[in-house]
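**Q** please work out how this folds:
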Amino acid sequence: MADALLHDEVTREIIGAFYDVFNTVPFEQHESVYAAAMAIAMADRELIVKREVACALHYRGIRIGDIRPDFIVNGCVVVELKAAERIAPAHEKQLLGYLQATGLAVGLLLNFGLKAELRRLVLSPRGPRLTGVVGRVPV
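**A** This is a model prediction of the structure:
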């Protein structure tokens with residue numbers, strides 16, 4: 001259970017920024033609008049934010065392309081944003097792929113849908129698992 005608290009302070013600040021943006025930016029905006037607002041909100045919380053960092057993918061030791069998570073925060077948390085009706089299993093798999101490609105252990109999936117929705121994914125030696133807040137969270 002110790003890994004459930006990995007980078008807890010950073011994820012709390014990111015989630016706080018998420019709710020600030022969710023409660024301020026008008027509903028049904030494009031994901032890029034939420035991403036711009038999140039970058040500002042996280043920087044306001046003194047988080048170190050890197051946006052769309054290229055992470056190399058390899059096959060048999062050969063680079064085959066790059067993936068770009070929305071944010072890497074404080075060098076330890078991958079943040080992926082969505083503006084969808086709800087979080088789908090494919091979104092969780094996308095975040096898992098980002099964690100595997102970056103070598104980071106903690107990821108947040110934040111959805112700016114009708115209701116605020118988030119997932120916290122932790123990679124541990126036992127494999128990936130959802131921890132912390134899961135589901136729709138009342139605002």
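**Q** quick one, strands of this protein?
**A** 49-51, 55-59, 62-67, 71-73, 77-82, 106-112, 116-124, 127-136 (DSSP state E).
**Q** show me the one of the ones you listed that comes nearest Arg12.
**A** Set against Arg12 and scored by Cβ to Cβ, the strands of the chain come closest in strand 127-136, at 9.7 Å. C-betas here are computed from N, CA, C, even on glycine.
**Q** ends of stretch 61-78, how far apart?
**A** Taking Cα to Cα, to the nearest Å, the span from the opening residue of stretch 61-78 to its closing residue is 24 Å.
**Q** quick check: Lys82 touching Phe112?
**A** Yes - assessed by Cβ atoms under 8 Å, Lys82 is found in contact with Phe112 at 7.0 Å.
**Q** list the contacts for the residue nearest to the spatial centre of the chain?
**A** The centroid of the chain falls nearest to Val79 when counting by Cα atoms, centre = their mean (2.1 Å). Residues in contact with Val79 (Cβ atoms under 8 Å, 6 or more residues apart in numbering) are Ile14, Met38, Pro69, Asp70, Phe71, Ile72, Val73, Gly107, Leu108, Leu110.
**Q** thinking again about what came up before, how about the strands of the chain in a markdown table, adding mean pLDDT and distance to Tyr98?
**A** As requested, those are exported to a markdown table (pLDDT from 0 to 100; distance: least, Cβ to Cβ, whole Å):
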| stretch | mean pLDDT | distance to Tyr98 |
| --- | --- | --- |
| strand 49-51 | 97 | 13 |
| strand 55-59 | 88 | 7 |
| strand 62-67 | 93 | 6 |
| strand 71-73 | 98 | 9 |
| strand 77-82 | 98 | 5 |
| strand 106-112 | 97 | 6 |
| strand 116-124 | 91 | 9 |
| strand 127-136 | 54 | 11 |
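**Q** mind giving me JSON lines with those strands and columns for distance to His30?
**A** What follows is the strands of the chain, written out as JSON lines (distance: least, Cβ to Cβ, whole Å):
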{"stretch": "strand 49-51", "distance to His30": "16"}
{"stretch": "strand 55-59", "distance to His30": "23"}
{"stretch": "strand 62-67", "distance to His30": "20"}
{"stretch": "strand 71-73", "distance to His30": "16"}
{"stretch": "strand 77-82", "distance to His30": "11"}
{"stretch": "strand 106-112", "distance to His30": "10"}
{"stretch": "strand 116-124", "distance to His30": "17"}
{"stretch": "strand 127-136", "distance to His30": "21"}
